[in-house]
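In: Quick one: sequence plus predicted model below, questions after.
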Amino acid sequence: MLAQANKSEYTDVTLQGGGHMSPIKRWLTLGTLGTFFFMVIIDGTIVSIAIPAIARGLSVSTSSANLVISVYLIGISALLLMFGQLGDSTSRMRLFMWGTVIFTLGSLLSGWGLSFGTLIGGRIVQAIGASMTMANSYAIVTDVFPANELGRALGIESIFISLGALAGPGLGGLIISYLSWHDIFLINVPLGIICIFIEWLIFPRHVKAHDHQPLDYGGAAWMILMALVFYGATSTALRQPIITIVLVAVFAVIFVFFVRHERRYQHPLLDLQLFSNRRFRNSLIAALTSFIVSYFFTLLAPIYLQLVLNYAGRLTGELLMISPIIALIANPVAGTLVDRFDKTKIMTAGMITLIVAQGLLIINHGTGEPWPFVIISVVLSLGTALFGTANNTIIMQSVTAKQRGMAGATNSLMREVGLALGTTLASTLYYRAIAHEVGHSVTTAFHIPTDDLLTGQTVAYAVGLIILIGGLIAIWSLREVHTGVVKQHAGN
């Protein structure tokens, strides 16, 4: 019976994906998607270390140079849902290919950047291409892989995502040390060309389009406004709290208008009825909590290693590489488990593991290092692999084939929102707690007593623990629903 169900589902998705793909082509497709996902995500973090060099090279202030980061993140966030809708109504693979081309051209333009305007223009082009690929990547994987292999496929794709999120600053530092800031962008060009060539070889040439639907341009306009205001609010949270409060209020008003528009529009950018699906809704909420809290560690761990433990940059980098190295092994294993066992239970186990890691971070105060940090990094990576792989699989399998683009784009949007909220919340909590201890406003961790740094870290991680518990509650309700369904079938 299960085999028949899997076969039926695969037949349906292969029609949506444009025809049968051999196992070799499926895995080559996954490798290409993962490689490009890595490039797209790493470009959101790799630039941060190059800001001083960009400012000097183009004769602009460092605050102006920060636009190089923000326009990229704003552009992706604003356009994800639109390209998810476009992928659902046309061809996801074709849209991904065009996104690859546009991102590669944007990388070339950014690297060429003889002026600041050219660089910003290149980053906008990059953001357009990145959003086209990110919006459709999860949906393409779900289209081309049968249900009994989807967990493994998404687990492997998660490797590239984890590496992209964690390796950016380190890789950027290496490039800046030996080459120029231009090469941070130009390195994407040969990789992009290779991806384009592989896509041209293995992606179906004649893809049957879905039912064409008009794009929700009104919803897209509201999304752009929300993205601009949201990033404005997160960027002023630490230094200008009054402005942040005003911007949050403006965001709330825009959000109300966006929801009202989506409810009235016949073909909305985001089908709000998706959120009546508890499996999709609660899994997405849990995903957002994990994304938010993961950036607590990303932001605070380097400060802890360098300013609390006084480790050199090389040792700090080696310790920070533990999580992505463990992810190389943990994600495929998690994918295999997801394919064989109950996905909700695995997602629950992953979230509990993340909560354990968060608790260890709270009580870790620098004694016996570096082994406590190593253990925490391993536990954190295992929890992320179990939770993330199961969560992505559940989200993508909880919607119909025609909604996969929208579901995948929404999942990617949660990652971008989590990045912004996580870094903003972690830094605000951290520095506010330190300011309370030292008795004056603080915006830097330099020249702060070690005990006060540890206090700030404890407060931030404690709030992260509460957020993760909220995610566990969202997951737990799914277990209750699943148990109820099983009992009902047993009674029948």
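Out: Good, I have the coordinates. Residues are numbered from 1 along each chain as shown.
In: From Leu425, how far out is Ala249?
Out: Going from Ala249 to Leu425 by Cβ to Cβ, to the nearest Å gives 18 Å. Any C-beta I mention is one placed from the backbone N, CA and C, and that applies to glycine too.
In: Repeat that for Ile325.
Out: On the measure of Cβ to Cβ, Ile325 and Leu425 end up 27 Å apart.
In: sorry, back to before: what about Ala249 and Leu425, which has more around it?
Out: Leu425 (21 against 12; other Cβ atoms under 10 Å).
In: Find the helix or strand that the more buried one is a member of.
Out: helix 404-438 (DSSP states H and E).
In: Tell me the buried residues in that helix?
Out: 404-435, 437 (16 or more other Cβ atoms under 10 Å).
In: Who are the contact partners of Gln403?
Out: 88, 271, 274 (Cβ atoms under 8 Å, 6 or more residues apart in numbering).
In: Looking at stretch 91-111 now, give me its mean pLDDT.
Out: For stretch 91-111, the mean pLDDT works out to 90.
In: CA atoms of it as PDB?
Out: Extracted in PDB, the C-alpha atoms of stretch 91-111 (Å, rounded to 0.1, in the frame of the first residue of the first chain):
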ATOM      1  CA  SER A  91       8.200  26.100 -14.900                       C
ATOM      2  CA  ARG A  92      10.300  26.000 -11.700                       C
ATOM      3  CA  MET A  93      13.400  24.500 -13.400                       C
ATOM      4  CA  ARG A  94      13.300  27.200 -16.100                       C
ATOM      5  CA  LEU A  95      12.900  29.900 -13.500                       C
ATOM      6  CA  PHE A  96      15.800  28.400 -11.500                       C
ATOM      7  CA  MET A  97      18.000  28.400 -14.700                       C
ATOM      8  CA  TRP A  98      17.200  32.100 -15.400                       C
ATOM      9  CA  GLY A  99      17.900  32.900 -11.700                       C
ATOM     10  CA  THR A 100      21.400  31.200 -12.100                       C
ATOM     11  CA  VAL A 101      22.100  33.300 -15.100                       C
ATOM     12  CA  ILE A 102      21.000  36.600 -13.500                       C
ATOM     13  CA  PHE A 103      22.900  35.900 -10.300                       C
ATOM     14  CA  THR A 104      26.000  35.100 -12.200                       C
ATOM     15  CA  LEU A 105      25.700  38.400 -14.200                       C
ATOM     16  CA  GLY A 106      25.100  40.300 -11.000                       C
ATOM     17  CA  SER A 107      28.200  38.700  -9.500                       C
ATOM     18  CA  LEU A 108      30.200  39.900 -12.500                       C
ATOM     19  CA  LEU A 109      28.800  43.400 -12.300                       C
ATOM     20  CA  SER A 110      29.500  43.500  -8.500                       C
ATOM     21  CA  GLY A 111      33.000  42.300  -8.900                       C
END
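In: buried ones in stretch 268-284?
Out: 268-271, 274, 279-284.
In: Also stretch 439-447?
Out: 442, 445.
In: Let me know the average pLDDT across it.
Out: Averaging pLDDT along stretch 439-447 yields 80.
In: And it, how far out from the chain middle?
Out: 30 Å (Cα atoms, centre = their mean, to the nearest Å).
In: The closest residue to Ala330 other than its chain neighbours and Leu154: what is the separation?
Out: Spatial nearest neighbour of Ala330, excluding adjacent residues (Cβ to Cβ, 6 or more residues apart in numbering): Ala385 at 3.7 Å. Ala385 is 11 Å from Leu154, where distance means Cβ to Cβ.
In: need the next SSE after the helix or strand harbouring Glu262, C-terminal direction.
Out: For Glu262, the host element (DSSP H and E) is helix 241-264. Next helix or strand after helix 241-264 toward the C-terminus (DSSP H and E): helix 278-303.
In: buried sites along that next one?
Out: Result for helix 278-303 [16+ other Cβ under 10 Å]: buried residues 279-303.
In: coming back round to it: tell me the helices and strands packed up against the helix holding Leu425.
Out: Counting contacts by 3 or more Cβ pairs under 8 Å, 6 or more residues apart in numbering; DSSP states H and E, helix 404-438 packs against helix 67-89, helix 116-144, helix 217-236, helix 278-303, helix 371-397, helix 450-491.
In: Turn the ones you listed into JSON lines, columns for distance to Asp339.
Out: Listed next are the helices and strands packed on helix 404-438 as JSON lines, based on distance: least, Cβ to Cβ, whole Å:
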{"stretch": "helix 67-89", "distance to Asp339": "25"}
{"stretch": "helix 116-144", "distance to Asp339": "13"}
{"stretch": "helix 217-236", "distance to Asp339": "34"}
{"stretch": "helix 278-303", "distance to Asp339": "17"}
{"stretch": "helix 371-397", "distance to Asp339": "8"}
{"stretch": "helix 450-491", "distance to Asp339": "17"}
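In: Out of those helices, which is closest to Asn331?
Out: helix 371-397 (4.7 Å; Cβ to Cβ).
In: Measure how far the closest one is from the centre of its chain, please.
Out: Put simply, helix 371-397 sits 14 Å off its chain's centre (Cα atoms, centre = their mean).
In: angle of it against helix 278-303?
Out: 150 degrees (axes from the mean of the first three to the mean of the last three Cα atoms, to 10 degrees).
In: angle of helix 371-397 against helix 404-438?
Out: Orientation check (the same axes, to 10 degrees): helix 371-397 against helix 404-438 gives 150 degrees.
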